[in-house]
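S.K.: Okay, predicted coordinates and the sequence, questions at the end:
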Amino acid sequence: MEPWPDEPAVGAVCTPTTYWASPDRMDLPAQVCTEMPAWVESVTVDGLTEWVAHLGNGFTAMMGDGDLVGDVTLRGCLVWDRYLWLDFRTRPRGTLRIHDRAGLLVQRRELIPTRHPGAFSVTYSGALEYHERDSIPAGFGVRWKASIVETITSDS
């Protein structure tokens, strides 16, 4: 999830808009990657082709391209992106339960002062690193929050 301090809390049930991120496309640390079976289909919306991964219990996530179609094993993680609608026309479906707010993905950051006192432009560099919650090393900034979730069957 984005690094904002808002919900969902542990135990919450939510319907996030997600895409599947693979370690080769997002340079993900091994600690946040998993393997899971999925069925990936291509859909055409407004003349554009998009790929949807069906992850079970009616939960779907968007895929970045059509490298994988059909019955596959995905490696990586879900990324909750509340602005996913800017990149995709298909709306992912499904419900998750948050089991734990496990940690943070951090990256080296440089704060560049702006002409406004106390305001900085932030530049990130280097690889993403996984750290337990509340253990951000000096000189690093939070890029993503990592949660442990499960798909659950929704009533809709």
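M.R.: Looks like it came in fine. Numbering: from 1, shown residues only.

S.K.: Please count neighbours and contacts with C-alpha atoms only from this point.
M.R.: Noted.

S.K.: just the helices in the chain please.
M.R.: 23-26 (DSSP state H).

S.K.: Least confident secondary structure element in it?
M.R.: helix 23-26 (a mean of 88; mean pLDDT, DSSP states H and E).

S.K.: Just the CA trace of that one, in PDB.
M.R.: Coordinates of each C-alpha in helix 23-26 appear next as PDB, following Å, rounded to 0.1, in the frame of the first residue of the first chain:
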ATOM      1  CA  PRO A  23      10.100  -9.000  -8.700                       C
ATOM      2  CA  ASP A  24      11.600  -8.600 -12.200                       C
ATOM      3  CA  ARG A  25       9.400  -5.600 -12.900                       C
ATOM      4  CA  MET A  26       9.500  -3.800  -9.500                       C
END
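
S.K.: Show me what that helix packs onto, helices and strands only.
M.R.: Where contact means 3 or more CA pairs under 8 Å, 6 or more residues apart in numbering; DSSP states H and E, helix 23-26 is not packed against any helix or strand.

S.K.: centre of the chain versus that helix, how much separation?
M.R.: 12 Å (CA atoms, centre = their mean, to the nearest Å).

S.K.: which parts of that helix are buried?
M.R.: Residues of helix 23-26 include none that count as buried (16 or more other CA atoms under 10 Å).

S.K.: residues near the closest residue to L111 other than its chain neighbours, how many?
M.R.: Sequence neighbours aside, V122 is the residue nearest to L111 in space, at 4.8 Å (criterion: CA to CA, 6 or more residues apart in numbering). Around V122 there are 11 other residues, counting by other CA atoms under 10 Å.

S.K.: Can you report how many residues neighbour F120?
M.R.: 13.

S.K.: what's the answer for Y83, then?
M.R.: Residues near Y83, counting by other CA under 10 Å: 10.

S.K.: So for it, what pLDDT did the model give?
M.R.: Listed pLDDT for Y83 reads 90.

S.K.: Any figure for the gap between it and T73?
M.R.: When CA to CA, to the nearest Å is the yardstick, Y83 and T73 sit 26 Å from each other.

S.K.: What of V122?
M.R.: Distance from V122 to T73, by CA to CA: 36 Å.

S.K.: ok, now D46?
M.R.: 29 Å.

S.K.: And H131, by the same measure?
M.R.: Distance from H131 to T73, by CA to CA: 26 Å.

S.K.: between those two, who's got more neighbours?
M.R.: Per other CA under 10 Å, whichever of H131 and T73 has more neighbours is H131, with 18 against 13.
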